[in-house]
Every structure is written in C-alpha cells, then in structure tokens.
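# Kindly generate the corresponding structure for this input.
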Amino acid sequence: CSLNKQGYIDICGSKEKLTHRLELEQKAVNDLSSRLNAETDKLSKVLKELKEGQEASRTLEEQIKSEQELVKHLKDSLETERINSEELRSKVKELEKEKDEAIKNAIERARLLYTSKVNEEIDKAKREALIELENDCQKRQEQHSSQVSELEAEIKNLRSIHAEAERSRQQVLELTAMLHQQEGVILELRQKKNAVPEHISKMDNSREPSRDACTSPIKSTSDALEDARRECARGYAEKLAILESKHRIELDEMQEKIKDKTVNFFAEEIRKMETKHRAALEQYQSAAGKELYSLQNLIDSKVSEVNSLKQVIQAEKINLKFANTEEQWKAKVESLTKELVTLKSSINKANNSDLQKNINTLSEKLEEKEKQLEEERIRIAELIKNWSKEVQTLRESNAEINKKYQECYTKYKVAKKKILQYKTFTKEKEKHLVNEYNRIKSGYENAISLIQSKMEQVLGSQESVITSKVMDLENQIRILKQKLERLD
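Numbers count the residues shown, from 1 in each chain. Take a look at the predicted model:
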C-alpha cells in the first residue's frame, strides 16, 4: 500500500508536469504560427520592394524614351541646321558621352540597390529567425528551471528560516559596523581638516607681537608669509577634498561589495534551505510509507484477533449449550417441586411450622437460582453484543481499507494509462513540431530562392532591354555621323 501510495504521488506530480509541458508546447506552436505570419509579412514586404524596383525600371524606360525623343529632336535639328555641322558634331559627342555615363550609372545603381536590398532582407530574416529560436530555447529553459525550483521550494520549517535570517542579519550588522568604522575615519579626517585653520590662526597670533616690533621691510616679508600661508591652506584644503573623494569612492565600493556579499549569502542560504526542505520531504515520504506499513500490520493483527474472538464465541456457545441450558434448569426445578410434594406427602404428621419453614427455604433457593440464571443470560447477551459490534467495526474498517486500496489501485491504473497517453501525445507532438519546422524552413528557403531567381530574371531582362536600347542608340548615332560626313 505504501508503494502504491508513493507511486500515486509520483504519478500525480508527473501528470502536472506533463500538463504544464503540453501548455508550453501549445505556446511554442502559437509562437511558430506568429513567426510564420511575421515571415509572410516579410515576404510581402520583399514583393513590394520588387514592385518598386519594377516601377524604377519603368521610370528608366521612360527616361530612355525621353532620350530617344531627344535624339529624334537632334535629327531634326541636324537636318534643319546643316550649316552648323561642326557644333552639332561636338554636341552629339557630348550627348553620347553623357548618355553612356547616365545609362551605366543607372544600371549600376539599379543593380546595387536591388542586390543590397535583397541581401539585407535575407540577412535580416535569417538573423531574426535565429534570435527568435534562441529566445524560445532560453525561455523554455528558464520556465523549466523556475517550475522545478517552485515545485521543490516548499518551505515548511519556519524556525530554520528564522535562524538563517538571524544569521544573515548578524552578518549585515557586522558589515554595517565596518561601514561605521569607515565613517569614523572620515569624521576624524574632517576634524583634522577643521583643526588646520585653527592651528594656522594660532601661529599667526604668536607672530603678531614680533610683527609690531619690526620695520617696514619686515612687513613686506610678513605679507609674503601670509600669501604663503594662504597657499598652504589652499593646498591642505585641496588634499583634504581629494581624501574625502577617495574615501567616498571607497565607501561606495564597500557598499557595493556588501550588497554583493549579502546577495551571495542569501542565495547560498536559499540553496541550503532548498536542500534541507528536499531532505525533509524525503523523510516525510519515508515516514508516511512506514506509517502505512504499520497500519497494514495493525489491520492484519486486528483480523487475527477477530478470528480468535470468533473461535472463543463458538466455544462459549458450545459450553452454554452443554452446561447452562434452560432445559437443565427446568429439570432441576421440576425435581425440586417433586421433592417438595414427596416431603409434603411424607410429612403430613409433622408440625405445620417446620413444613412451612422448609417450603420457604426451598422457594427462596429457587428464586435465587432463577435470578442467577437471568443475570448470566443478560451478561452473556451483553458479551455477545459487544463481540458482534467489535466484529462489525473490524469488518467495516477492513472493508474501507479494501475500498481505499481498490480506489488507489484504479487511480494508479488510470494515471498510468494517462501517462502513457501523454507520452505518446508528446512524442507525436514533438514529431509534428519538427516536421512543421522543417516544412516552414524549406518553404522559407524555397521562397527566398524564388525571390532571388525572380530578381535575377528581372535584372537580366532589364539588362538585356537596356543593352538592346543602347545598341539602337549607337546605331542611330552612327547613322547620324554618316549623314554628317556625307553633308561635309
């Protein structure tokens, strides 16, 4: 029973852990769905940027069309202005150079913009996915560690906590005493600082009569001494200020050290408390198992006592049947009455007084024996009732124990089935999550590859269009040159 109870406790704890783990996995699934939504948003952004690139290519085509219109205008101007052929040639050369440079710059800019944007978006998506995965792993680890610490940290012994708190308080008092010592040193330094100008004033008072006796050249030297004294006082004040700043810095460092020590001390104390409480829980579980074992032994002893009492009751019944039956007492009463009748018949001639006395004595003996019989019957009935009550209580207690055992056994079976179901469910859930992650990853990689291929196709198509248009412009310029040469 103790093993079953301990197994039931372990099963309940594992059930709670599994339920909590399922909740965490559901949260992870929700996070993955949110991540998928974010990645779809990113892909939509990339598609928007592709559309913007297409619009930019359209603008380039419009520019090229405008340049073609300019070329046509130049043709018309060449036909109308044959006289200024040399100026037109120079203008055409300049325009050709500008066009080539503009086309090259536009193509290079477009390529750089598209490649840089695509690479940036891909790198951002990869970094964000890795960061989110790392954060999810860290959160899961923190949640598991916090749950384990919360389940294990069931503090029950308040006296031990109070003693440990007093120890920490004593350590804090020692650290505060150290701080007071440091403050006393600072106060002594401040007193010394305040005593410096007093000492200087005393020195000045001792020098005043000598100054009165001196002449004017000596006064000039006294002025110089006063200036030196002031400078010395300033130097002392600066040194004292530096010392105060150093002591303040040291005090701040000491306070930080004290804080760190207190934090570390409390962390160690909490760890010790956790170990103590774990040991106390294990002791409680072992004591509960021992108590259950002792109860089982008591139940077995009571059952044996019940069986012995049954045997005693059966023996008493047999003795009562053979020794104290009502028929025997009736036979004795009848025999006594017969004796009385014989005595009455045989002693008719005796005195009435003696006969009466004998009859009275015999009747009193009969009454006493009847009373004894009734008392014995009542005592035996009470004993039988008490024994029957004890037997019923023992049977009820045994039935309750059997019921509890059956309930515990059924709960154990149900919990075992649920644990197996949870295990299978968690395994399937993990497989499903891994498959989903791989599917999302493959879809993301395929989408990125499609975007890259589409961008390459768009760039290649734009390059081919631009190169064909440049070739057309070159052919037109050659035709114009040939016409100019013919005109010359």
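
# what residues are up against Lys48?
Applying C-beta atoms under 8 Å, 6 or more residues apart in numbering, we find Lys48 in contact with no residue. Quick note: C-beta positions are derived from backbone N, CA and C, even for glycine.

# Could you check the pLDDT of it?
Confidence per residue is given as pLDDT, and for Lys48 that number is 75.

# ok, now Ile359?
Looking at Ile359, its pLDDT is 57.

# go on, Lys429?
71.

# What's the local residue count around it?
Counted with other C-beta atoms under 10 Å, the burial measure for Lys429 works out to 17 neighbours.

# Is it part of a helix or strand, or is it coil?
Reduced to three states with DSSP: H, G, I helix; E, B strand; the rest coil, the structure at Lys429 is helix.

# Can you give me the distance of it to Leu24?
Using C-beta to C-beta, to the nearest Å, we find Lys429 at a distance of 11 Å from Leu24.

# neighbours of Lys469, just the number please.
Applying the criterion other C-beta under 10 Å, we find 17 residues in the vicinity of Lys469.

# as a whole number, average confidence for stretch 481-488?
Taken as a whole, stretch 481-488 has an average pLDDT of 71.

# Domain-wise, how is the protein divided?
Structurally, the chain divides into domains by automatic domain parsing as follows: 14-156+434-487, 159-288, 303-431.

# And the ones you listed, which one averages the lowest pLDDT?
Looking over the domains of the chain, mean pLDDT reaches its minimum on domain 159-288, with a mean of 59.

# Now do Lys42: how many residues are near it, please.
By other C-beta under 10 Å, the burial measure for Lys42, its neighbour count, is 18.

# Please report how far it lies from Glu436.
Taken as C-beta to C-beta, the spacing of Lys42 relative to Glu436 amounts to 18 Å.

# Quick check: which element contains Arg478?
Following DSSP states H and E, the helix or strand that holds Arg478 is helix 352-487.

# swap that for Arg58, please
Secondary structure from DSSP H and E places Arg58 in helix 2-80.

# In this structure Ala28 contacts Glu436, no?
No - contact criterion C-beta atoms under 8 Å: Ala28 and Glu436 do not qualify, at 10.3 Å.

# what's the spacing between Glu101 and Lys65?
For Glu101, the distance to Lys65 equals 19 Å [C-beta to C-beta].

# Lys97 now?
Computed with C-beta to C-beta, the distance linking Lys97 and Lys65 is 20 Å.
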